[in-house]
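**Student:** okay, predicted coordinates and the sequence, questions at the end:
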Amino acid sequence: MTRLGVVMDPIGSIKSKKDSSFAMLLAAQAHGWSLHYMEPADLWLRDGRCHARWRPLTVRDDPLDWFALGEAEETPLAALDVVLMRQDPPFDTEYLYTTHLLSLAEAEGCLVVNRPRALRDANEKLATAWFPQCCAPSLVSRDQDRLRGFLAEQGDVILKPLDAMGGASIFRVRAGDPNTNVILETLTDHGRRLAMAQRFIAEIRDGDKRILLIDGEPVPYALARVPAEGENRGNLAVGGRGVGVELSARDRWICAQVAPRLREEGLLFVGLDVIGDYLTEVNVTSPTCIRELDALYGLDIAGDLMAVIAARLADRNAA
């Protein structure tokens, strides 16, 4: 039996009806795999090996009673066949250290999804720089004068930190905005932190599309997260409304541009954010929207991911 571990935030606090990690666990259990639950604090390093304190997990698609945990066990993490790394950002130093521990388990033969090295290399904002042909004009800097110059050049920009999620600390700023200085001071911590500026894309009114890719292959539908009235952010966490849409020709072109690099990096499950014709983020830590798209279109996205993982494990066993 395949032994699947998951490293995630507390399972008791998730909204199971919408949680993509939970969808993956349901799919793995449906494959007949045993589930092993961990939080980041359950991992440790001893004499060069990553160990884990995990609890056997069973899941049910019941929003009132969605999981049960058994008695804890402690083993080297590589005793498991595959581990899903599904801890939410922020990507801080503790997250970074966790990926280093996971890399040690990977070196012993455990398949980690997504690959720990790729999680370190692919900051969800900065990874767009791998695909400049897909992106609107952008700038990353801690220099407030340089950021002000970009604002003057573009006239209307989005400013955001590099390490947040869910729409946190995202600002739309127009040339002449009297709040510009304080926004830049806050985001850059007075020049001590990098921030990203992107040209404002008016098509946000039609939604910020989340496109899911499994080993570089896109799900044929996206969830367009349409901003609430008076908002510039489509994130569901800040009141955006999810609308299902079929991928456009431009969406598919973007996916074709990014897929080879994602495969090369070992990123099996990725969520692209696309506004209008432009790629704005490459989400690799804990992409969401599986359950919403499954419900809208009768898909089994997590099941498709488990099939890819099963094929990877079979190839390893055959080698």
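**Tutor:** Received it, and whenever you're ready, just let me know what you need.

**Student:** for the helix or strand containing P56, buried residues please.
**Tutor:** Using DSSP states H and E, P56 maps to strand 49-59. Neighbour-count burial for strand 49-59 flags C50, H51, A52, W54, R55, L57, V59 (criterion: 16 or more other Cβ atoms under 10 Å). Glycine gets a C-beta too; all of them are placed from N, C-alpha and C.

**Student:** do the same with stretch 113-131
**Tutor:** In stretch 113-131, counting by 16+ other Cβ under 10 Å, buried: 113-119, 121-128, 130.

**Student:** now swap in stretch 296-311 and tell me
**Tutor:** L299, I301, A302, G303, D304, L305, M306, I309, A310.

**Student:** now do stretch 13-22
**Tutor:** I14, S16, K18, D19, S20, S21, F22.

**Student:** how near is the second one to Y97?
**Tutor:** This means S16. Counting by Cβ to Cβ, to the nearest Å, the separation of S16 from Y97 is 29 Å.

**Student:** go on, the last one?
**Tutor:** To Y97, F22 is 26 Å away according to Cβ to Cβ.

**Student:** then the fourth one?
**Tutor:** For D19, the distance to Y97 (Cβ to Cβ) stands at 25 Å.

**Student:** please apply the same query to the third one.
**Tutor:** Look at K18 and Y97: by Cβ to Cβ, they are 29 Å apart.

**Student:** out of the buried residues of strand 49-59, which one sits closest to L194?
**Tutor:** C50 (30.1 Å; Cβ to Cβ).

**Student:** within its sheet, name the partner strands of the strand holding P56 and how each one runs.
**Tutor:** The partner list of strand 49-59 in its sheet, established with DSSP bridges, is strand 34-38 (antiparallel), strand 43-46 (antiparallel), strand 67-69 (antiparallel), strand 73-76 (antiparallel).

**Student:** can you list the neighbours in contact with it?
**Tutor:** The contact list for strand 49-59 (Cβ atoms under 8 Å, 6 or more residues apart in numbering) reads 5-6, 11, 22, 25-26, 29, 34-38, 42-45, 66-78, 80, 101-102, 104-105, 108.

**Student:** list only those of these flagged as buried.
**Tutor:** 5-6, 11, 22, 25-26, 29, 34-38, 42-43, 66-67, 77-78, 80, 101-102, 104-105.

**Student:** skipping adjacent residues, who's closest to E39 in space?
**Tutor:** P10 (6.5 Å; Cβ to Cβ, 6 or more residues apart in numbering).

**Student:** re earlier: can you put the buried residues of stretch 13-22 in a markdown table and add pLDDT and distance to R193?
**Tutor:** Below are those laid out as a markdown table (pLDDT from 0 to 100; distance: Cβ to Cβ, whole Å):
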| residue | pLDDT | distance to R193 |
| --- | --- | --- |
| I14 | 97 | 30 |
| S16 | 96 | 35 |
| K18 | 95 | 31 |
| D19 | 97 | 30 |
| S20 | 98 | 29 |
| S21 | 98 | 29 |
| F22 | 98 | 33 |
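
**Student:** pick the one among those closest to R225.
**Tutor:** K18 (12.5 Å).

**Student:** secondary structure element for the nearest residue to that closest one once chain neighbours are set aside, which one?
**Tutor:** Among residues not flanking K18 along the chain, R291 sits closest, at 5.4 Å (Cβ to Cβ, 6+ apart). R291 is located in helix 290-297, with elements delineated by DSSP H and E.

**Student:** what's the helix or strand following that helix packed up against?
**Tutor:** Downstream of helix 290-297, the first helix or strand assigned by DSSP H and E is helix 301-318. Where contact means 3 or more Cβ pairs under 8 Å, 6 or more residues apart in numbering; DSSP states H and E, helix 301-318 is packed against helix 20-30, strand 111-113, strand 208-214, helix 290-297.

**Student:** any idea which of these gets closest to Q144?
**Tutor:** Short answer: strand 208-214, nearest of the helices and strands packed on helix 301-318 by Cβ to Cβ, at 26.7 Å.

**Student:** pLDDT of the next helix or strand after the closest one, averaged?
**Tutor:** Where DSSP H and E defines the elements, the next helix or strand beyond strand 208-214 is strand 217-218. Mean pLDDT, strand 217-218: 98.
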